[in-house]
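1. here are the coordinates; sequence isn't available:
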């Protein structure tokens, strides 16, 4: 039998934490701790070594998005699933920027939570909230796709190279450009997207499905 998925629940409402425990009862999951605020969340990850943190976006003091960024910086191996009553695109996008691996509304079905946990634990992402109109939408991809429209064709080409793990000189050779020109394009696209490093560019490229849409 495979090892159960170790889960830390972070929510400031005890009743919500208890409800999540009941939803996750069974041999597939193991709730290894609970926390009700940012500092307890960080301490809980340190002491309990969870595979997945189910993290409420609305916490007292520092919100869940800030906590997600802190956890990703200190514990990059831990997977983070945001849980929220909100379905605004901005919240989803900010969660992705902070390094979260998934985002789920609190009114989702119990099986949706269990499946989202399985998904992020497996190394994939689970951004699939429901829009207030009632229909499912992919807000992270949509928002990233809109930002992608800010880039020129050459900036997109450079983004694809970065996301593919190429060095500037390799990108330059493949596009027939000078290294300095590639550096300029890279600086420009980072400025337009508000992203400061290659890891952020790679994450954005995945969100925008850049590698899967390399045509005109």
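-> In hand now; what should we look at? Owing to the predicted nature of the structure, the values given are computational and were not obtained by experimental measurement.

2. could you list the domains of the chain?
-> In the assignment given by automatic domain parsing, the structural domains of the chain cover 5-137, 143-212.

3. pick the most buried one from the ones you listed.
-> domain 5-137 (a mean of 18; mean count of other CB atoms under 10 Å). Yep, even glycine has a C-beta here, placed from its N, CA and C like the rest.

4. so how far is it off the chain centroid?
-> Distance of domain 5-137 from the chain centroid (CA atoms, centre = their mean, to the nearest Å) equals 10 Å.

5. same question for stretch 185-203.
-> Offset of stretch 185-203 from its chain centre (CA atoms, centre = their mean): 17 Å.

6. tell me the helices in the chain, going along the chain?
-> 14-23, 38-48, 64-74, 89-98, 110-121, 139-148, 153-163, 168-175, 179-193, 198-207 (DSSP state H).

7. mind checking the ones you listed for the one nearest to residue 6?
-> helix 38-48 (7.2 Å; CB to CB).

8. which residue packs closest to residue 107, ignoring adjacent ones?
-> Nearest non-adjacent residue to residue 107, counting by CB to CB, 6 or more residues apart in numbering: residue 85, 7.4 Å away.

9. which one is residue 69 nearest to, not counting chain neighbours?
-> Spatial nearest neighbour of residue 69, chain neighbours left out: residue 98 (4.1 Å); criterion: CB to CB, 6+ apart.

10. what of residue 150?
-> Once flanking residues are discounted, residue 150 sits nearest to residue 192: 4.8 Å by CB to CB, 6+ apart.

11. show me the contacts for the one you found.
-> Going by CB atoms under 8 Å, 6 or more residues apart in numbering, residue 192 touches 147, 150, 151, 155.

12. I'd like to know which helix or strand in this protein has the lowest mean pLDDT.
-> Scoring the helices and strands of the chain by mean pLDDT, DSSP states H and E places helix 139-148 at the bottom, with a mean of 55.

13. is it true that the residue nearest to residue 69 touches residue 66?
-> Yes: the pair residue 98 / residue 66 is scored as a contact, 7.4 Å apart, by CB atoms under 8 Å.

14. how much space between residue 187 and residue 22?
-> Counting by CB to CB, to the nearest Å, the separation of residue 187 from residue 22 is 51 Å.

15. same question but for residue 202, I mixed them up
-> For residue 202 relative to residue 22 (CB to CB), the value is 38 Å.

16. same question for residue 179.
-> For residue 179, the distance to residue 22 - CB to CB - is 57 Å.

17. then residue 170?
-> 52 Å.

18. and if you look at residue 197?
-> Per CB to CB, residue 197 is found 41 Å from residue 22.

19. what do you get for residue 31?
-> 10 Å.
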